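S.K.: Need a 3D model of the sequence below.
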Amino acid sequence: MTPTRFKARLRAQGKTIRQWAEEHGFPERAVYRVLNGLDKGNFGRAHDIAVTAGIKQPEPEQLAA
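M.R.: Numbering: from 1, shown residues only. Predicted structure coming up:
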(Lines give C-alpha, C1' and ligand atoms only; values in the text may rest on other atoms or scores of the structure.)
Protein backbone atom coordinates (compact mmCIF):
# COMPACT_ATOMS: atom_id res chain seq x y z
CA MET A 1 0.00 0.00 0.00
CA THR A 2 1.21 3.50 -0.72
CA PRO A 3 0.95 6.43 1.69
CA THR A 4 -1.65 7.97 -0.65
CA ARG A 5 -3.81 4.84 -0.50
CA PHE A 6 -3.38 4.69 3.29
CA LYS A 7 -4.59 8.29 3.59
CA ALA A 8 -7.55 7.52 1.32
CA ARG A 9 -8.45 4.49 3.43
CA LEU A 10 -8.41 6.61 6.57
CA ARG A 11 -10.61 9.21 4.87
CA ALA A 12 -13.08 6.48 3.86
CA GLN A 13 -13.21 5.32 7.48
CA GLY A 14 -13.79 8.88 8.67
CA LYS A 15 -10.55 8.90 10.70
CA THR A 16 -7.83 11.49 10.91
CA ILE A 17 -4.14 10.74 10.93
CA ARG A 18 -4.08 12.04 14.50
CA GLN A 19 -6.72 9.51 15.55
CA TRP A 20 -4.88 6.65 13.85
CA ALA A 21 -1.60 7.69 15.49
CA GLU A 22 -3.20 7.82 18.95
CA GLU A 23 -4.92 4.45 18.46
CA HIS A 24 -1.60 2.82 17.61
CA GLY A 25 0.55 4.66 20.16
CA PHE A 26 2.64 6.69 17.72
CA PRO A 27 3.41 10.41 17.88
CA GLU A 28 1.33 12.25 15.28
CA ARG A 29 4.34 14.13 13.93
CA ALA A 30 6.26 10.87 13.36
CA VAL A 31 3.33 9.41 11.40
CA TYR A 32 3.16 12.50 9.20
CA ARG A 33 6.91 12.27 8.55
CA VAL A 34 6.55 8.68 7.32
CA LEU A 35 3.46 9.39 5.22
CA ASN A 36 5.05 12.44 3.61
CA GLY A 37 8.31 10.63 2.83
CA LEU A 38 10.55 12.57 5.20
CA ASP A 39 11.34 9.36 7.11
CA LYS A 40 11.82 6.34 4.88
CA GLY A 41 10.77 3.79 7.46
CA ASN A 42 13.90 1.69 7.26
CA PHE A 43 14.65 1.54 10.98
CA GLY A 44 13.16 2.13 14.42
CA ARG A 45 9.90 3.90 15.05
CA ALA A 46 9.50 5.01 11.43
CA HIS A 47 9.74 1.37 10.34
CA ASP A 48 7.18 0.36 12.96
CA ILE A 49 4.79 3.04 11.69
CA ALA A 50 5.23 1.97 8.07
CA VAL A 51 4.62 -1.69 8.94
CA THR A 52 1.57 -0.93 11.10
CA ALA A 53 0.11 1.26 8.36
CA GLY A 54 0.68 -1.51 5.81
CA ILE A 55 3.09 0.55 3.74
CA LYS A 56 5.98 -1.87 4.32
CA GLN A 57 6.14 -5.58 4.99
CA PRO A 58 7.68 -6.65 8.29
CA GLU A 59 11.28 -7.71 8.00
CA PRO A 60 11.86 -11.40 8.68
CA GLU A 61 13.66 -12.06 11.94
CA GLN A 62 17.34 -12.74 11.45
CA LEU A 63 18.87 -15.34 13.70
CA ALA A 64 22.43 -15.21 14.90
CA ALA A 65 24.60 -17.95 13.43
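S.K.: starting at the chain centroid, how far to stretch 52-62?
M.R.: For stretch 52-62, the distance between its averaged C-alpha position and the chain's averaged C-alpha position is 10 Å (Cα atoms, centre = their mean, to the nearest Å).
S.K.: Please work out the average pLDDT along it.
M.R.: Rounded to a whole number, the mean pLDDT of stretch 52-62 is 84.
S.K.: Show me the helices in the protein, by range?
M.R.: Per DSSP state H, the chain has helices spanning 3-13, 17-24, 28-35, 44-53. These are given in chain order.
S.K.: quick one: contacts for the closest residue to Tyr32 other than its chain neighbours?
M.R.: Leaving out its chain neighbours, the residue that sits closest to Tyr32 by Cβ to Cβ, 6 or more residues apart in numbering is Ile17, at 6.4 Å. (Each C-beta comes from the backbone N, C-alpha and C, glycine too.) Taking Cβ atoms under 8 Å, 6 or more residues apart in numbering, we find Ile17 in contact with Lys7, Leu10, Glu28, Val31, Tyr32, Leu35.
S.K.: so which of the residues you listed is the most crowded?
M.R.: Neighbour counts for those were taken using other Cβ atoms under 10 Å; the highest belongs to Val31, which has 24 neighbours.
S.K.: how much space between the closest residue to that residue other than its chain neighbours and Thr52?
M.R.: Using Cβ to Cβ, 6+ apart and skipping the chain neighbours, the partner closest in space to Val31 is Ala21 (4.4 Å). Taking Cβ to Cβ, to the nearest Å as the measure, Ala21 falls 10 Å from Thr52.
S.K.: again with Gly44
M.R.: 13 Å.
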